[in-house]
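# Fold the following.
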Amino acid sequence: MRNLFIFFLTINALLTCVYAQKLLPSGEEAGDTVLSPEDWERGYAVADLRRSITIYGRGSFDQIYINVVGAVSFGTSLHTSNLDLVRNDILIFAPFLIPVNNPNLNNGIISYRSITNTQEKNAVKTMFQANIADDDFTVVIGLVVTYDYTINLDGNIKRNNFQFVLASDGERTYIRFAYKYLQYAQTVDGSYAKVGQFALSEGAITCANEVEVSGTAEVANLWTQTNTGSRGNFYWRVDLPLECLSFTSDCGEVDQSPEDFNICPIGYFMETVTSNMWQFYRLYFCKAGKTLEGGMVSVKQKCEYDSDYYTFEWRTLGNSDSCSVTLKDFLPDFFSSSLANLATQMMLTQD
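Down below sits the predicted model:
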């Protein structure tokens, strides 16, 4: 009976650990590779994902750059926390983007490991399933990156300790930002850490999806906030096109909505075509039961990007096609159904 009691206590402690969403174990004792002084000097290390995954659509990647500035990236490394200084094409996941080239930095430890053993894969699967409403999700590919460093600011020791986790079943890919300590959030020039997802084309931030408090003083309180219900944790699905909460493009305006009151614009999206070619588009819904004059429904305006040119393209469907079918032509069911629900709500409020 006593053993059974201890067993239930152990299970309860494990579940508490999983659902309270603490940081996963890290460091050499957890099997991590620790960034060397040479890695710090260079500004990054490269981790092999062991097999390719798609990010934001169809672009395939099998390596990820672990940057000392509090972000991971695809395509190339990130040498600065000031994105205005970046001059190349790059996709960025930034749990806490902030400079670390401060002479008062006392102790910086960044470590990472692939999730390879079955026990840890199952634990990470349970953690993600509890937050992403995807009960069929399993972990085939996984990576844990942990940042832990302290800085001396006028005699006050400040510590940042946060973690990035990537998990994929080969088709669906999710990421997790998790926070324990965020005591150093403001740079010497007065700006605050940025947190979110960024796509840069030739040095310009063409698409960004940041948490609400990114770049503000409130970013230091992320450890108390969430987008899933687990405090200090943020989860996103990243194999689907990225919704751009902010968007800019050298190819001009991509929000020229058809001149018809039955059309509701939904948002900007970025989709990878290959690892170095992306496209951007503006998605529209028609109101329920409505079509444009002539029986045509405008779907999206797309701006394709590569290093040499930009182009525009309109796509239209006949009146036999519904708006929900329109979405499924372009986006996976999971994505289109959630957008369709949002669009329906918008349409109802505008009728």
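# got a list of contacts for stretch 85-95?
55-56, 59, 70-76, 78, 80, 83, 147, 162-164, 175, 177-179, 194-203, 238, 272, 276, 278, 307 (Cβ atoms under 8 Å, 6 or more residues apart in numbering). Any C-beta I mention is one placed from the backbone N, CA and C, and that applies to glycine too.
# Mind checking which of those residues are in helices?
Of the positions in the contacts of stretch 85-95, not one sits in helices, assigned by DSSP state H.
# Counting by contacts, list what the helix or strand that contains E41 packs against.
Here E41, judged by DSSP states H and E, is contained in helix 37-42. Secondary-structure packing of helix 37-42 (3 or more Cβ pairs under 8 Å, 6 or more residues apart in numbering; DSSP states H and E): strand 105-114.
# What residues sit buried inside the strand it packs on?
By neighbour count on 16 or more other Cβ atoms under 10 Å, the buried set for strand 105-114 is G108, I109, I110, S111, Y112, R113, S114.
# just stretch 213-222 next, same as before
Counting neighbours by 16+ other Cβ under 10 Å, stretch 213-222 gives V213, S214, V219, A220, L222 as buried.
# and the end-to-end length of it?
Across stretch 213-222, the terminal residues are separated by 8 Å (Cα to Cα, to the nearest Å).
# Give me the average confidence score over that stretch.
Here the mean pLDDT over stretch 213-222 is 95, rounded to a whole number.
# One more: stretch 110-118?
In this model, stretch 110-118 has a mean pLDDT of 95.
# farthest pair in the buried residues of stretch 213-222?
S214 and A220 (11.6 Å; Cβ to Cβ).
# who touches both of these two?
Y192.
# For stretch 116-123, buried residues please.
Of the residues in stretch 116-123, those buried by neighbour count under the rule 16+ other Cβ under 10 Å are E120, K121, A123.
# Can you lay out those residues as a markdown table showing secondary structure and distance to T138?
Written out in a markdown table, the entries for the buried residues of stretch 116-123 read as follows (DSSP: H, G, I helix; E, B strand; the rest coil; distance: Cβ to Cβ, whole Å):
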| residue | secondary structure | distance to T138 |
| --- | --- | --- |
| E120 | helix | 13 |
| K121 | helix | 8 |
| A123 | helix | 12 |
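# Can I get those residues in CSV including distance to R51?
Below are the buried residues of stretch 116-123 laid out as CSV (distance: Cβ to Cβ, whole Å):
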residue, distance to R51
E120, 17
K121, 14
A123, 21
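# Excluding covalently adjacent residues, which one is nearest to G75?
Counting by Cβ to Cβ, 6 or more residues apart in numbering, G75 lies nearest to I90, which is 5.1 Å off, once chain neighbours are set aside.
# Just give the number of residues close to the one you found.
As a burial measure, the neighbour count of I90 was computed by other Cβ atoms under 10 Å and equals 20.
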